[in-house]
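> Pasting the sequence and the predicted coordinates here, then a few questions.
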Amino acid sequence: MEQADKAAENTPKKVPYWRRVGISIEQVTNRSKGADFGQSWLVIIPTKVTGNGRIRKQFKTYSKALNYAEGKADLARASGKRAFVLNDGQREDAAEALRILGGLQLSLTEAATLARRHLTPEGGDITLRALVDRILREKERENLRPASVQSIRFYMGRIADQLGEERLVKTVARDELRHWFDTLEDTGASDRYLKNHIRYTQQFFNYAVQHGYRADNPAAIIRPPRIEWKTPAILTVGEAKRLLCTAMLPEFKELLPATVLQLFCGGLRSAEVERLDWRDIDLENKKLEVLPATGKNRRDGDWRTPVIPDNAIEFLFLHPNRKGPVAPGRFPFKQTAMHKAAGFKKWEITHDNAKRHSFGSYGCKLHGKEWVEDQMGHNTGATFLKFYRNARVTKQDAEQYFDIRPANLEKDTVGEIVAIAKGA
């Protein structure tokens, strides 16, 4: 028995692992402003364990200090110095983050990468107003039509006006865009107006994504309202005559060439007529040259040479000055006044593009689909079928339409015809 006790006394006690790695626990006296107020236990974890500086942490009881020392030692044994990359608060935060990510199949690394993309976009920070201005400068350098630039300026400018000019592009959320569009709808905005707002907003944020100013497009899945298709308005033969009669009045006679060309030649758009010059009109060979600079798709080389029919030639020869621009200055405003004088009080609503649609519909009945597509510069049958094949138009209607001449207008306009002819 005595030998066993002596053997136990001589057997060295096993040093705990936390001590073997160099962690120590010391009892210290707490002092403040020169006064002692009890004792606590200080745990010191050396740099050789953490790899990133010494850790000192105090506890009120030895048991808590021991638990902490053993826990850190076990952590160091399992993970090495990586165990000390995070402090206790960061580990707790990581645990909470993993709880939040539960079910999303995302690691903390993947979540952090995703957050970084949203919070620090590759292109850097930019305000809504600055991005609007950048897009406008690019579009102006592309030499877009003024009307196209104006639409971009208005609709994209509204994004900055609504959400805040100094607001960072990366901070805009989908829900606030939805709320804005819902408010527009509630205040009675038309479906077309609302659709344009959504379309330009989607284009705005697409640009932001493409140039690295944000990670996603918050407007991408917002569905614009569906606009119900309406039968395109075309002018009856009587309405076309009424419009020409009005264009031959002294106060509107400068609009006669543009009106005649829109009704009978190539389905010209108002913007195209506004860019035409009399040098583009060959009355002798009955041809009109619509150059790429004149047509809608000038950057795509849209170039066509519509025929000028005989009845249109007769009207054009009545115009006294066949030099310079075909359309007068302030053409849109003067044209609106002429439409009202002809009895079309709300032309933009009731007869928008009616001259162009009339040419296409009557031309189809008289010459066929291929001829109309060639004259109007269309390259898709879908567009033709949607706008220019009016089933109510007959071949007889078409013959009468393309036979409207100065001589067969209403009798009360004969005096005006003579007056214009004398001035030619």
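That came through fine.
> what's stretch 31-46 in contact with?
Residues from elsewhere that reach stretch 31-46, judged by CB atoms under 8 Å, 6 or more residues apart in numbering: 22-30, 54-62, 64-65, 68-69, 72, 84. Just so you know, the C-beta spots here come from the backbone N, C-alpha and C atoms, and that holds for glycine as well.
> Got a ChimeraX select line for the buried ones in those residues?
Remark: buried members of the contacts of stretch 31-46, expressed as a ChimeraX selection using 16 or more other CB atoms under 10 Å:
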select :23,25,55,59,65,68,69,72,84
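> Identify those among the contacts of stretch 31-46 that sit within helices.
Among these, the members falling in helices (DSSP state H) are 62, 64-65, 68-69, 72.
> Save those as CSV, and put in pLDDT too.
Formatted as CSV, those follow (pLDDT from 0 to 100):
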residue, pLDDT
Tyr62, 90
Lys64, 88
Ala65, 87
Tyr68, 86
Ala69, 85
Lys72, 80
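> of those residues, closest to Leu409?
Lys72 (102.2 Å; CB to CB).
> Let's have the ones in helices among the contacts of stretch 31-46 in CSV, adding distance to Lys195.
Formatted as CSV, the ones in helices among the contacts of stretch 31-46 follow (distance: CB to CB, whole Å):
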residue, distance to Lys195
Tyr62, 74
Lys64, 66
Ala65, 69
Tyr68, 64
Ala69, 68
Lys72, 63
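> tally of neighbours for Arg214?
23 (other CB atoms under 10 Å).
> ditto for Asp352
Counted by other CB under 10 Å, the residues lying close to Asp352 total 15.
> mind checking the SS state of it?
coil (DSSP: H, G, I helix; E, B strand; the rest coil).
> For His179, what are phi and psi?
phi -60, psi -40 (degrees, to the nearest 10).
> these two touch, right, Phe402 and Cys265?
No. Using CB atoms under 8 Å, Phe402 makes no contact with Cys265, being 10.6 Å away.
> What score does the most centrally placed residue in the chain have for pLDDT?
The centre of the chain sits closest to Gln203, judged by CA atoms, centre = their mean, with a distance of 1.6 Å. Per-residue pLDDT puts Gln203 at 96.
> go on, Ser270?
pLDDT for Ser270: 88.
> Just to check, it is in contact with Leu261?
No. Under the criterion of CB under 8 Å, Ser270 is not in contact with Leu261, lying 10.6 Å apart.
> what about the two, which has more around it?
Higher neighbour count among Ser270 and Leu261: Leu261, with 27 against 16, using other CB under 10 Å.
> Helix, strand or coil: sort out the residue nearest to that one when sequence neighbours are not counted for me.
Once flanking residues are discounted, Leu261 sits nearest to Leu268: 5.4 Å by CB to CB, 6 or more residues apart in numbering. Following three-state DSSP, Leu268 is assigned to coil.
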